[in-house]
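**Q** this one's sequence-less:
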């Protein structure tokens with residue numbers, strides 16, 4: 001049985017994005033039969049018949065049934081989902097880290113698409129695109145006015161099809177066309193660099209099929225560059241998750257062998273599991289073990305090197321598994337903001353060759369037995385994203401903000417214990433913070449349309465990274481004066 005995660009959705013505020021994901025347990029369709037409520041099924045059939053014969057316009061029967069299934073599953077919680085043909089394909093692309101396109105990481109600047117970097121050995125890389133290039137047109141469509149998602153859709157397509165990009169290169173002050181043939185792209189979810197002598201930054205943006213292989217290869221290169229590294233910052237900010245086995249493997253790279261990484265518990269027997277820092281819990285298809293190879297080639301330095309983990313409200317699910325495991329085993333200091341709080345397990349079951357069902361089947365727990373569902377990982381040290389504070393964090397949605405979210409099993413029933421004055425005051429403060437952030441966002445967006453509103457992760461202006469380096473060096477860390485742990489939620493009966 002393999003274990004996967006899926007991005008369920010995301011909230012983007014300008015250049016500030018938070019994401020939420022769902023742990024998946026990939027499984028075959030179950031044949032267990034349970035008694036069916038015949039009266040209710042008869043009502044469903046009657047409604048279907050009435051809609052088919054009496055509705056003002058003819059209806060598509062298959063679409064009607066598909067929508068009925070979607071509605072039934074969506075009523076459960078935010079992460080259970082029925083996959084039709086299109087969404088199932090997108091889900092598979094999301095977990096595989098593969099898609100068909102030109103191969104560039106992008107952002108928006110002045111209403112245009114800006115190339116952050118071309119992906120190594122991609123069509124864009126081979127065509128000579130550079131960091132900082134601005135895309136002004138995609139085929140015959142002007143980019144100005146498009147959303148970043150619309151631009152992405154125009155650049156993606158079928159393999160071996162061509163797309164014409166019009167490029168403005170600032171440093172050369174020229175505009176020129178580039179025709180690129182689309183092909184399957186393998187995304188890069190790991191970035192590394194020595195940020196200053198003796199200290200390395202390792203960024204994991206998502207947990208995908210290739211993540212652990214890329215992680216191992218790039219950390220080996222880091223070690224070769226500087227075998228006397230004195231500290232590592234593992235950056236999981238805005239990491240929405242990915243594959244569960246990749247999260248277990250990444251944890252295993254830093255932890256002693258065979259210690260518990262995460263456990264799951266639900267009604268089904270196969271949802272009661274304990275995953276340890278051992279190859280049998282992260283090698284899905286056998287073969288060579290990249291974590292073992294990494295340890296051998298670097299003399300096991302990741303097991304002992306001083307470690308700080310950066311997290312924020314956008315760190316969800318698989319990234320929370322890693323942060324929770326490293327925190328519980330006291331392997332790392334966790335810095336940043338309280339994480340998203342995605343602590344439930346979903347099972348993906350195929351319903352046919354191109355449709356499937358994602359159903360919440362369990363909660364997961366950190367090694368100490370804590371459920372972080374709707375709570376998240378609380379950092380050891382609260383650090384704001386800028387010196388001015390967490391400027392736009394109040395606008396980011398967390399698990400506890402989602403309608404019909406699953407509780408963690410320890411909620412205080414609202415009908416049993418009324419909300420305290422302190423909790424009411426905290427809610428009012430959060431709403432005030434949201435309003436201030438909204439106004440600030442509007443003002444900043446008007447002043448600098450399309451500009452990044454917080455410093456780029458890993459840059460010299462990355463305030464949280466600088467505080468993480470201070471932590472590693474034993475120097476003073478500028479701790480947040482405003483962040484507080486969100487209180488346990490009250491769950492209505």
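**A** Received it, and whenever you're ready, just let me know what you need. Predicted model, so just to flag it, every value in this text is computed and none were measured. Numbers count the residues shown, from 1 in each chain.

**Q** let me know the average pLDDT across stretch 315-322.
**A** Regarding stretch 315-322, the rounded mean pLDDT is 94.

**Q** show residues contacting it.
**A** For stretch 315-322, contacts defined as C-beta atoms under 8 Å, 6 or more residues apart in numbering pick out 5, 19-23, 204, 207, 234, 236-244, 246-248, 250-251, 261-262, 309, 311, 323, 336, 339-343, 364, 366, 372, 376-377, 399. C-beta coordinates here come from the backbone N, C-alpha and C atoms, glycine included.

**Q** any idea whether residue 56 is helix, strand or coil?
**A** coil (DSSP: H, G, I helix; E, B strand; the rest coil).

**Q** what sits against it?
**A** No residues are in contact with residue 56 under the rule C-beta under 8 Å, 6+ apart.

**Q** tell me where the stretch 1-150 of the chain has helices.
**A** 38-54, 61-74, 85-96, 123-126, 148-155 (DSSP state H, counting those that start in this stretch).

**Q** typo on my end, the stretch 151-300 of the chain
**A** Using DSSP H, counting those that start in this stretch, helices in the stretch 151-300 of the chain cover 211-225, 244-254, 290-297.

**Q** centre of the chain versus stretch 371-389, how much separation?
**A** 16 Å (C-alpha atoms, centre = their mean, to the nearest Å).

**Q** give me the distance between stretch 300-316 and the centre of its chain.
**A** Taking C-alpha atoms, centre = their mean, one finds the center of stretch 300-316 at 16 Å from the center of the full chain.

**Q** give me the distance between the two termini of it.
**A** Distance across stretch 300-316, first residue to last, is 28 Å (C-alpha to C-alpha, to the nearest Å).

**Q** and if you look at stretch 157-165?
**A** From its first residue to its last, stretch 157-165 covers 14 Å (C-alpha to C-alpha).

**Q** could you do stretch 269-287 as well?
**A** 28 Å.

**Q** what does that stretch contact?
**A** 1-3, 25, 27, 212, 244-246, 248-249, 251-252, 255-266, 289, 291-292, 345, 347, 361-362.

**Q** ok, stretch 464-481 next?
**A** Taking C-beta under 8 Å, 6+ apart as the rule, stretch 464-481 contacts 195-196, 199, 201, 230-231, 233, 235, 237, 306, 308, 310, 312, 333, 335-336, 381-385, 387, 389-390, 457-459, 463.

**Q** buried subset of the contacts of stretch 269-287, written for PyMOL?
**A** In PyMOL, this line selects whichever of the contacts of stretch 269-287 come out buried by 16 or more other C-beta atoms under 10 Å:
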select buried, resi 3+25+27+212+244+245+246+248+249+251+252+255+259+260+261+262+263+264+265+266+289+291+345+347+361+362
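
**Q** domain ranges for the protein?
**A** The chain resolves into domains spanning 3-96, 98-186, 190-346+365-491 when parsed by automatic domain parsing.

**Q** buried ones among the contacts of stretch 464-481?
**A** Among the contacts of stretch 464-481, those buried by neighbour count (16+ other C-beta under 10 Å) are 195, 199, 201, 231, 233, 235, 237, 306, 308, 310, 312, 333, 335-336, 381-385, 390, 457-458, 463.

**Q** strands of the stretch 251-400 of the chain, start to end?
**A** Along the stretch 251-400 of the chain, the stretches classed as strands by DSSP state E, counting those that start in this stretch are 260-266, 273-276, 307-311, 333-336, 344-350, 356-365, 381-382.

**Q** other residues contacting the fourth one?
**A** Residues outside strand 333-336 that contact it (C-beta under 8 Å, 6+ apart) are 237, 307-312, 315, 323, 326-327, 377, 379-383, 464, 467-468, 471, 477.

**Q** what is the mean pLDDT for it?
**A** 98.

**Q** how about the last one?
**A** Confidence over strand 381-382, taken as the mean pLDDT, stands at 98.

**Q** relative to it, what are the paired strands and their orientations?
**A** Here strand 381-382 has these sheet partners by DSSP bridges: strand 333-336 (parallel).

**Q** how about the second one?
**A** Looking at strand 273-276 with DSSP bridges, its partner strands are strand 260-266 (antiparallel).

**Q** do the third one as well
**A** Sheet pairing here is set by DSSP bridges, and for strand 307-311 it gives strand 231-235 (parallel), strand 333-336 (parallel).

**Q** before we move on, back to that, go through the strands of the stretch 251-400 of the chain and find the least confident stretch.
**A** strand 344-350 (a mean of 84).

**Q** packing partners for that one?
**A** Using 3 or more C-beta pairs under 8 Å, 6 or more residues apart in numbering; DSSP states H and E as the contact test, the elements touching strand 344-350 are strand 3-13, strand 16-26, strand 356-365.

**Q** in it, what's buried?
**A** Residues 344, 345, 346, 347, 348, 349 are the ones in strand 344-350 that count as buried (16+ other C-beta under 10 Å).

**Q** ok, now stretch 73-88?
**A** Buried positions in stretch 73-88, judged by neighbour count with 16+ other C-beta under 10 Å: 73, 77, 78, 79, 80, 81, 82, 83, 84, 87, 88.

**Q** closest one to residue 112 out of those, please.
**A** Relative to residue 112, the closest of the buried residues of stretch 73-88 is residue 87; by C-beta to C-beta it sits at 30.0 Å.

**Q** now the closest one. Nearest residue, chain neighbours left out?
**A** Take residue 87 and drop its neighbours on the chain: the residue closest to it by C-beta to C-beta, 6 or more residues apart in numbering is residue 81, 7.5 Å away.

**Q** and the gap between the one you found and residue 357?
**A** 8 Å (C-beta to C-beta, to the nearest Å).

**Q** ditto for residue 424
**A** 40 Å.

**Q** so which of the two has more stuff around it?
**A** More crowded of residue 424 and residue 357, by other C-beta atoms under 10 Å: residue 357, with 18 against 11.

**Q** what sits against the more buried one?
**A** 73, 81, 82, 83, 348, 349, 351.

**Q** just want the most central residue of the protein.
**A** The residue lying closest to the centre of the chain (C-alpha atoms, centre = their mean) is residue 240, at 0.9 Å.

**Q** just the pLDDT at it, thanks.
**A** 86.

**Q** now do the phi/psi pair for it.
**A** phi -80, psi -10 (degrees, to the nearest 10).
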